[in-house]
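Enquirer: Model the following, please.
(one chain, ligands or ions: 1)
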Amino acid sequence: MLPSNAPYVVVGAGIHGLSTAFHLARELRSRGLGSGEDIVVLEKTEPGAGASGIACGVVRNNYFQPAMSELMQACVEVWESDPAVYHYNSVGYIALGPDIQEPDLVATYERQERIGYRSTLITGERKVDAHMKELFPDWRAKGVTACLHEHQGGFAFNRDSVLGLLGKAEAEGVRVLSGVTVTGFDIRGDGTVGAVVTDAGRLGVGEQVVVAPGPWAKGLWRALELPDRIDVRTPSGELARDLPMWTYWNLQEGEIVVDPGSFATADGGPPPVIHLDTDAPLETDDGALVTDELWGIYFKRDRHGVQGGAAPLEVDGDVELDPYPSTTDVDPTFPDMWCAALSHAMSRFEGCRPSYRRARSGGVGAFTVDNFPVFDYMRPNVYTILDSNHGYKMIGVGREVARVIVGEHSSLLYPFRFERFATGDLHPVSHSPYPWS
Ligand SMILES: Cc1cc2nc3c(=O)[nH]c(=O)nc-3n(C[C@H](O)[C@H](O)[C@H](O)COP(=O)(O)OP(=O)(O)OC[C@H]3O[C@@H](n4cnc5c(N)ncnc54)[C@H](O)[C@@H]3O)c2cc1C
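Expert: Reported below is the predicted structural model:
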């Protein structure tokens, strides 16, 4: 049942809402300020019903933007803190790219060295090929001149990790109420939110609200009476006027059903997650040209085979998000492309197309105007976690938000404040074809 009020209200039980609730409960308890019983999480469906429950689950540091990379390091620390409960597989991550991406990967590697994130950089086509063949003797991808091998990171099982977080939050006394939809906010004259309005009644707010809605960001943004379109100051000082705050992209993902053990390293070990971008022509196993432009895929070993995806497709206009994610509109040629790319990478995947299965993966993500997260107070007592679809891996954001809520400053979250759109303090952009690199 919905209580009449609560000191802290969290909207959304995905990775961010639950991580915030769990870490906030710990902060309150350890500081003698309260406990998890002061926190209510409102979830319209059930924990993990959103993007966190279908994410491929890749956890990596490979970001060209310094602020993203530093934040990811803190997130990996959280994943590593309890791998069993988070169902986290610390198998590492490999990013491979062609000439055009080499400077980005070099810069990322150099930063990782500075911040103490364990990785190895290999450059030059022959050396990259040798490194990959040592891991996978049947490696055969072409046109790859740089390889960033991260020895930390890997992947986690999406729903299981959400349920792990849920258990941790509930053990701290947090109440997670499923089947309650937030429909609006009572906004007072001073701009603070006095109550959260739901389809089960009103919930008075004693202290603060955290909004972590994943793909439903635009609806909650509107409910907070924030603008649909904004002006953005570019780093060069120009003003780009009236840009849409939110856009949607369809993430294309799928899997092949094969013996998971068949995707192993040469010594029989678990394979790192692989992200391959190249401009080498891509052909199907029958020799038909798929593309001769820059293409990319990512893939990992999963419980029933190999799972992964390719570059997402921008959606023109709005989308109907519910029921999530069954509205996903994947390019019909995606399975051919993805399977051809797997085969391009390793001969063990030759002929894998008949094993392709359309699984419960792939879905829509909501992206901000610059494709990077907004982590900020958007009302005096409302903190928003709007991750621009970067964030299953960002399990540590909730830990930082919890610290901010109890009054600390987070230098890791500061670069993601909303004010950057007015000041031009934007994040640098890489050469990747993905909106999240
Ligand atoms: C197909 C796909 C693959 C991805 N793969 C990766 C990956 O490999 N690695 C990675 O780091 N990221 C990945 N992402 C991105 C990542 O999944 C998201 O950025 C992240 O899960 C968002 O977490 P969240 O907690 O903000 O949102 P969600 O997990 O979507 O949770 C939000 C919750 O809020 C609830 N909700 C929404 N509106 C309301 C309301 N009005 N009232 C009450 N409850 C509400 C929803 O039901 C939902 O459960 C992927 C995303 C997609 C779509």
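Enquirer: Name whatever forms a beta bridge with Ala195.
Expert: According to DSSP bridges, Asp186, Gly204 are recorded as the beta-bridge partners of Ala195.
Enquirer: quick one: it and the ligand, what's the gap?
Expert: Ala195 sits at a distance of 14 Å from the ligand (criterion: Cβ to the nearest ligand atom, to the nearest Å). For every residue, glycine as well, the C-beta is placed using N, CA and C.
Enquirer: what's the burial count for that residue?
Expert: Other residues within reach of Ala195, judged by other Cβ atoms under 10 Å, total 19.
Enquirer: State the distance from it to Arg399.
Expert: According to Cβ to Cβ, to the nearest Å, Ala195 and Arg399 sit 27 Å apart.
Enquirer: OK, contacts around the residue in the stretch 201-350 of the chain positioned nearest to the ligand?
Expert: Using Cβ to the nearest ligand atom, the closest approach of the stretch 201-350 of the chain to the ligand is made by Gly214 at 2.2 Å. With contact taken as Cβ atoms under 8 Å, 6 or more residues apart in numbering, Gly214 is in contact with Gly12, Gly14, His16, Gly50, Ala51, Ser52, Ala366, Asp387.
Enquirer: distance between stretch 390-408 and the chain's centre?
Expert: If you compare the mean C-alpha spot of stretch 390-408 with that of the full chain, they lie 14 Å apart, counting by Cα atoms, centre = their mean, to the nearest Å.
Enquirer: repeat for stretch 84-100
Expert: Taking the mean C-alpha point of stretch 84-100 and that of its whole chain, the gap between them comes to 13 Å (Cα atoms, centre = their mean).
Enquirer: Ok, stretch 55-64 next?
Expert: Here stretch 55-64 is found 7 Å from its chain centre; the criterion is Cα atoms, centre = their mean.
Enquirer: Could you find the closest non-adjacent residue to Leu33?
Expert: Ranked by Cβ to Cβ, 6 or more residues apart in numbering and with sequence neighbours excluded, the top spatial neighbour of Leu33 is Val406, at 6.5 Å.
Enquirer: Tell me how far the one you found lies from Asp38.
Expert: Per Cβ to Cβ, Val406 is found 11 Å from Asp38.
Enquirer: what's near enough to touch the spatially closest residue to Leu177 that is not a sequence neighbour?
Expert: The spatially closest residue to Leu177, leaving aside those adjacent along the chain, is Leu42, at 5.6 Å (Cβ to Cβ, 6+ apart). Contacts for Leu42 (Cβ under 8 Å, 6+ apart) come out as Val9, Val10, Val11, Gly12, Leu177, Val180, Thr181, Val182, Val196, Thr198, Leu203.
Enquirer: Gly219 is in what secondary structure piece?
Expert: helix 217-223 (DSSP states H and E).
Enquirer: follow-up on the earlier one: for Asp99, state which of the contacts of Gly214 is nearest.
Expert: Asp387 (30.9 Å; Cβ to Cβ).
Enquirer: what do Val406 and Asp38 both touch?
Expert: Here Val406 and Asp38 have Leu28 as joint contacts, going by Cβ under 8 Å, 6+ apart.
Enquirer: Between the two, point out the one with more neighbours.
Expert: Per other Cβ under 10 Å, whichever of Val406 and Asp38 has more neighbours is Asp38, with 19 against 16.
Enquirer: can you tell me which residues contact the nearest residue to that one once chain neighbours are set aside?
Expert: For Asp38, the nearest residue in space outside its immediate sequence neighbours is Pro7; the separation is 4.2 Å by Cβ to Cβ, 6+ apart. Counting by Cβ under 8 Å, 6+ apart, Pro7 makes contact with Gly34, Asp38, Ile39, Val205, Gly206, Glu207, Gln208.
Enquirer: where does the protein have low pLDDT?
Expert: Under the criterion pLDDT under 70, the flagged ranges of the chain are 329, 359-361, 433, 435-437.
Enquirer: In three-state terms, label the residue nearest the centre of it for me.
Expert: In the chain, the residue lying closest to the centroid (Cα atoms, centre = their mean) is Gly391, at 2.6 Å. Three-state assignment for Gly391 (DSSP: H, G, I helix; E, B strand; the rest coil): coil.
Enquirer: can you give me the strands in the stretch 251-400 of the chain?
Expert: 273-278, 282-283, 289-291, 295-301, 305-314, 356-357, 363-367, 374-379, 382-386 (DSSP state E, counting those that start in this stretch).
Enquirer: interface residues of the stretch 251-400 of the chain facing the ligand?
Expert: Remark: the part of the stretch 251-400 of the chain in contact with the ligand comprises 251, 253, 361-363, 365, 385, 387, 389-393, using Cβ under 6 Å from any ligand atom.
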